[in-house]
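Sharing a model that was predicted from the sequence below.
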Amino acid sequence: MMRHPSRSRSSRKGFALLVVLVGAVLVAGLAATLRARGVAQAQVLGRIEEQHRLALGRQSVAARVAASLAGGGGETPPTDGTPVLIAQDGRDWEVRLADVEGLVDLYLAPPEVLALLTGDGEALVRQRDVALAALVPGERFASEEHTLARLGFDAAQRARLAPLVTQRARTGEINPALAPPELRDAALALRGDIAGGELAELTIRASPGAAGPSP
């Protein structure tokens with residue numbers, strides 16, 4: 001039985017149209033994927049660029065504070081941890097200069113001193129014991145922010161607590177006369193060894209309410 005020529009041509013045309021449609025869908029899907037990747041890459045590059053700007057800004061502010069402490073003029077933050085705002089590179093920076101003995105040491109502080117941070121010092125001691133179990137005795141995490149993260153604090157809590165803590169104090173006690181305003185009143189109610197005056201800690205962060213740098 002012979003096939004009708006018109007039907008054969010129609011079948012070939014229908015198959016060709018199907019192939020074209022499938023190809024168009026694949027091309028459209030590939031284009032959408034490439035656009036999504038491009039947007040994601042742009043976002044990543046934007047974050048890296050902003051982090052680079054913040055790092056350079058912190059270095060510039062630190063250099064200004066160091067120069068003022070050396071007698072080179074300029075604004076010098078008080079040494080009791082009181083925050084001051086310094087404008088640099090189109091951005092406001094919150095700067096604190098505190099003696100470490102006026103801060104809460106995350107490794108040495110007893111429960112009553114750790115309670116200045118959260119109100120539950122005993123729970124923090126338990127979390128600290130768990131975190132330190134992963135380290136060689138005497139070893140410490142790379143930074144206060146890293147330690148706070150291992151103690152279970154989220155990003156917002158770490159940003160709030162970072163200027164109030166240290167891991168470089170000589171004792172676990174806190175000297176109220178050297179404590180930042182956020183800790184001073186509560187620290188006055190504690191009894192402990194009084195130390196301080198030998199080692200300062202500088203904290204610099206972009207002011208939460210500051211606008212970004214001008215284009």
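Nice, thanks for sending it over.

How many neighbouring residues does R91 have?
Residues lying near R91 (other C-beta atoms under 10 Å) number 18. Bear in mind the C-beta positions are built from the backbone N, C-alpha and C, glycine included.

ah, wrong one, I meant L202
L202: 15 surrounding residues under other C-beta under 10 Å.

same thing with D185?
Around D185 sit 11 other residues, with neighbours defined as other C-beta under 10 Å.

name the element it belongs to?
Here D185, judged by DSSP states H and E, is contained in helix 181-188.

Is it correct that E145 falls within a helix?
Yes - per DSSP: H, G, I helix; E, B strand; the rest coil, E145 lies within a helix segment.

List the residues that contact it.
By C-beta atoms under 8 Å, 6 or more residues apart in numbering, E145 lies in contact with R158, A162.

try the one 3 residues further on
When contacts are counted by C-beta under 8 Å, 6+ apart, L148 is found next to L106, Q157, R158, L161, A162, V165.

Name the member of these that has the highest neighbour count.
V165 (26 neighbours).

Surely V61 and I204 touch.
Yes - using C-beta atoms under 8 Å, V61 is in contact with I204, at 5.1 Å.

Pull up the overlap in contacts between these two.
Common neighbours of V61 and I204, using C-beta under 8 Å, 6+ apart, are W93, V95.

between the contacts of L148, which is nearest E139?
E139 lies nearest to L106 out of these, by C-beta to C-beta, at 13.5 Å.
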